[in-house]
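Chemist: pasting the sequence and the predicted model now:
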Amino acid sequence: MAFQNIIKDLANYNTNLVAVSKTKPQSAILKLYEEGQRDFGENRVQELVDKQEALPKDIKWHMIGHLQSNKVKYIAPFIHLIHSVDSPKILKEINKQAAKNDRIIDCLLQFHIAEEDTKYGFDSDEALAFLKSPAFQSLQNIRIVGVMGMATFTKDENQVRNEFRSLKAIFDLLKKTCFEQVNSFKEISMGMSGDYNIAMEEGSTMVRIGSLLFGARR
């Protein structure tokens, strides 16, 4: 019932679910697939490729983990959305591999909103400078459709809320200054199993939920 309950929660906010299936067997993914779920997120390229080859072709695969430049080519033929674009370098490589596959690949810019030093991501000034540069304008095989961020892993709900609020503010800034006439720039990927309700209240359009759906990782 966890899946149906989460779907009901998300419907109240018009928020989409990415089921985080990393480390989970194909049988667990198929069980959710049979309940109607189509968006699944993985954080390791080889596992993502293996599952994409074995599972139904109408699944929309999301790359949610840190992505190395030399691994982009393996997912470029099929990936639905890359959440974890955290540098100009990786975006240029995605564009290169997308062009080789005659595709335009949708991407989210990942921002560092947490206090933890372990999180990857742009800061707002860095992103704005890049988005206004000729280097970005030359990338014809990627499409920036929104932003992504991860809050600090803490029980302090006020801190989590403030961090999500800061990502929403970054989204609003980019929308106003760089994507005002771009209807596809609409996604805010934030919120996981422990904080997705707060994320939705703060404007999330897409949550990444794993343990609530599949159980805790062993």
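Modeler: Good, I have the coordinates.

Chemist: output the contacting helices and strands for the biggest helix by length in the chain.
Modeler: Counting by DSSP state H, the longest helix found in the chain is helix 157-177. Under the contact criterion of 3 or more CB pairs under 8 Å, 6 or more residues apart in numbering; DSSP states H and E, helix 157-177 touches strand 105-111, helix 124-131, strand 142-149, strand 187-189, helix 196-201. No exception for glycine: its C-beta is placed from N, CA and C like everyone else's.

Chemist: give me the number of residues near residue 141?
Modeler: By the criterion of other CB atoms under 10 Å, residue 141 has 17 neighbours.

Chemist: which non-adjacent residue is nearest it?
Modeler: residue 98 (3.7 Å; CB to CB, 6 or more residues apart in numbering).

Chemist: wait, that neighbour sits on residue 106?
Modeler: No: the pair residue 98 / residue 106 is not scored as a contact, 9.8 Å apart, by CB atoms under 8 Å.

Chemist: tell me which of the two has more neighbours.
Modeler: Set residue 98 next to residue 106 and count neighbours by other CB under 10 Å: residue 98 wins out with 23 against 20.

Chemist: which parts of the strand or helix carrying the more buried one are buried?
Modeler: Element membership of residue 98, judged by DSSP states H and E, is helix 88-100. By neighbour count with 16 or more other CB atoms under 10 Å, helix 88-100 contains the buried residues 88, 90-99.

Chemist: in JSON lines, list the residues you listed along with distance to residue 47.
Modeler: Converted to JSON lines, the buried residues of helix 88-100 look like this (distance: CB to CB, whole Å):
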{"residue": "88", "distance to residue 47": "27"}
{"residue": "90", "distance to residue 47": "19"}
{"residue": "91", "distance to residue 47": "23"}
{"residue": "92", "distance to residue 47": "25"}
{"residue": "93", "distance to residue 47": "20"}
{"residue": "94", "distance to residue 47": "19"}
{"residue": "95", "distance to residue 47": "24"}
{"residue": "96", "distance to residue 47": "23"}
{"residue": "97", "distance to residue 47": "19"}
{"residue": "98", "distance to residue 47": "21"}
{"residue": "99", "distance to residue 47": "25"}
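
Chemist: determine which two of the residues you listed are furthest apart.
Modeler: 88 and 99 (16.5 Å; CB to CB).

Chemist: element containing the residue nearest to the spatial centre of the chain, please.
Modeler: Against the mean C-alpha coordinate of the chain, by CA atoms, centre = their mean, the closest residue is residue 83 at 2.9 Å. Element membership for residue 83 (DSSP H and E) is strand 81-85.

Chemist: who touches both of residue 98 and residue 106?
Modeler: residue 142 (CB atoms under 8 Å, 6 or more residues apart in numbering).

Chemist: quick one on the thing from earlier: which helices and strands does the strand holding residue 83 pack with?
Modeler: So strand 81-85, by 3+ CB pairs under 8 Å, 6+ apart, packs with strand 60-63, helix 88-100, strand 105-111, strand 142-149.

Chemist: same thing but at 6 Å, please
Modeler: If you count contacts as 3 or more CB pairs under 6 Å, 6 or more residues apart in numbering; DSSP states H and E, strand 81-85 packs onto strand 105-111.
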